[in-house]
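# sequence and predicted structure are below.
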Protein chains: 2
Amino acid sequence: MPDDTTGVYFALFLEAGIIDQIGRAFLEKRLPGGLLTSHFGVVSHLIRVRDGVTPLELARAFQVPKTTMTHTLAGLETHGFVETRPNPADRRSKQVWLTEKGRRFRDDAIAAMAPLFAELERRFPLDKAQAMLPHLTAFREVVDRLRDEMD
Amino acid sequence: MPDDTTGVYFALFLEAGIIDQIGRAFLEKRLPGGLLTSHFGVVSHLIRVRDGVTPLELARAFQVPKTTMTHTLAGLETHGFVETRPNPADRRSKQVWLTEKGRRFRDDAIAAMAPLFAELERRFPLDKAQAMLPHLTAFREVVDRLRDEMD
DNA sequence: TGTTTTTAATTCGATATCGCACTATAAAGT
DNA sequence: ACTTTATAGTGCGATATCGAATTAAAAACA
């Protein structure tokens, strides 16, 4: 495998990292004090996908260690954005449910980001973004599976 | 702006974040104890781009706060992977130079990642990766500029 | 059924990350 | 030249992140 080959995949991870970093910084500057991208991410996931999921499922969705998710959920619960209830199907486990306050937090954050997305659309046209998304998703899916398998 | 529009850009950040997360976890599992992606990233940058750059330039390259870069560089210096010298052109500033040990650290890390990239190439063909990279880079460049301008 | 192994979550300790405030120097404006 | 403003880097405190070990419950298996 030529060095260039490695370079391309390497560059993809590098670009993803910088995009993530900028996105986080931008979002966090617009979140209420003490709240981070991790908090927003979880609440957003509970709305986008569904709530009532377990902490472990959330940890897997974001590919973070369980212990990190425990911590993030504790913060969200302190803020009253989620509540956890026992999982009726498994007494080791919990379910995470959104509160009204949590939904409002997410709506406010999205509203605060709207100007960015508007400007972004002006500079990186929607059709280009739409064209790229499925490829990036496919790459993520491959990497995701690879992680499970290569440990 | 329809909600879907926001959704596409939003999804791009989300995918980037997960790819970054998986890449970090994978790399860090293969780095010597106490060394993180941040350390590898800086050393790698000093080789890929050039060394002798200032801490601030590095902070900008990775879009992290200056104070984070100070900390990362301190760790690298402790490990003997870089050394910092006064900047002859500006007495407030420094220059960061690689050591032989630093180059070896980077080479070893890349070698440890090789199996991943090899398997990755099997599952996500090189031509697709090559096709996607310039678009992702373009997106990063736009977001990067936007960050500077929208504060 | 009883034992062993796996799984969900948490606690704890180490370190990374980051914002704020500060110092030193440089650059800009008068 | 002198004052003002901007810039490079650091110290400190708060909190996030993560790995290792632990506990409780479930699943696998004898």
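Yes, it's here. Numbers count the residues shown, from 1 in each chain, chains lettered A, B, ... in the order given.

# what's the neighbour count on the residue in chain A positioned nearest to DNA strand C?
When scored by C-beta to the nearest atom of the strand, chain A has A:Leu56 as its residue closest to DNA strand C, at 2.9 Å. Bear in mind the C-beta positions are built from the backbone N, C-alpha and C, glycine included. Neighbour count of A:Leu56, defined by other C-beta atoms under 10 Å in any protein chain shown: 14.

# same question for A:Tyr9.
23.

# tell me which element it is part of?
Mapping A:Tyr9 onto the secondary structure by DSSP states H and E places it in helix A:3-29.

# distance from the chain centre to that helix, please.
15 Å (C-alpha atoms, centre = their mean, to the nearest Å).

# picking up where we left off before, once you drop chain neighbours, what's closest to the residue of chain A closest to DNA strand C?
In space, and not counting its chain neighbours, A:Leu56 is closest to A:Lys66: 6.1 Å by C-beta to C-beta, 6 or more residues apart in numbering or on different chains.

# pretty sure the one you found is in contact with A:Ala59, am I right?
Yes. Judged on C-beta atoms under 8 Å, A:Lys66 makes contact with A:Ala59 at a distance of 4.8 Å.

# could you find the closest non-adjacent residue to the residue nearest the centre of chain A?
Residue closest to the average C-alpha location in chain A (C-alpha atoms, centre = their mean): A:Gly41, at 4.1 Å. Closest residue to A:Gly41 apart from its sequence neighbours, by C-beta to C-beta, 6+ apart: A:Phe62 at 6.2 Å.

# report the next helix or strand after the helix or strand of chain A at the bottom of the mean pLDDT ranking in sequence order.
Least confident helix or strand, chain A: helix A:3-29 with a mean of 91, by mean pLDDT, DSSP states H and E. From helix A:3-29 onward toward the C-terminus, using DSSP H and E, the following helix or strand is helix A:37-48.

# what does that next one rub up against?
A:23-24, A:27-28, A:31, A:53, A:58, A:61-62, A:64, A:68-69, A:72-73, A:75-76, A:79, A:81-82, A:96-98, A:102-103, A:105-106, A:109, B:14, B:17 (C-beta atoms under 8 Å, 6 or more residues apart in numbering or on different chains).

# just stretch A:11-29 next, same as before
Residues contacting stretch A:11-29 (C-beta under 8 Å, 6+ apart): A:35-37, A:40, A:109, A:113, A:116, A:139, B:12-13, B:15-17, B:19-21, B:23-24, B:37, B:41, B:62-64, B:129, B:132-133, B:136-137, B:139-140, B:143-144, B:147, B:150-151.

# check the residues you listed against DNA strand C, which are close?
B:37, B:64 (C-beta under 7 Å from any atom of the strand).

# in ChimeraX, select just the buried ones from the contacts of stretch A:11-29.
The buried residues among the contacts of stretch A:11-29 can be selected in ChimeraX (16 or more other C-beta atoms under 10 Å in any protein chain shown) with this line:
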select /A:35,37,40,109,113,116,139 /B:12,13,15,16,17,19,20,21,23,24,37,41,62,63,64,129,132,133,136,137,139,140,143,144,147
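
# tell me which of the contacts of helix A:37-48 fall in helices.
Applying DSSP state H to those, the entries found in helices are A:23-24, A:27-28, A:58, A:61-62, A:68-69, A:72-73, A:75-76, A:102-103, A:105-106, A:109, B:14, B:17.

# quick one: is stretch A:56-75 near DNA strand D?
Yes. Using C-beta under 7 Å from any atom of the strand, we find that stretch A:56-75 touches DNA strand D at A:64-65, A:67-68, A:71-72, A:75.

# average pLDDT across that stretch?
When pLDDT is averaged over stretch A:56-75, the result is 98.

# same deal with stretch A:130-137?
98.

# with adjacent residues omitted, what lies nearest to A:Thr37?
Using C-beta to C-beta, 6+ apart, the closest residue to A:Thr37 is A:Arg24 (4.5 Å).

# how close does that neighbour get to B:Ile19?
14 Å (C-beta to C-beta, to the nearest Å).

# same check, this time on A:Asp107
27 Å.

# same question, A:Leu116
20 Å.

# what of A:His39?
In terms of C-beta to C-beta, A:His39 sits 21 Å off from B:Ile19.

# ok, A:Ala129 - contacts?
Neighbours of A:Ala129 in contact, by C-beta under 8 Å, 6+ apart: A:121, B:8-9, B:12, B:139.

# check A:Val49 too.
Per C-beta under 8 Å, 6+ apart, neighbours of A:Val49: A:Ala61.
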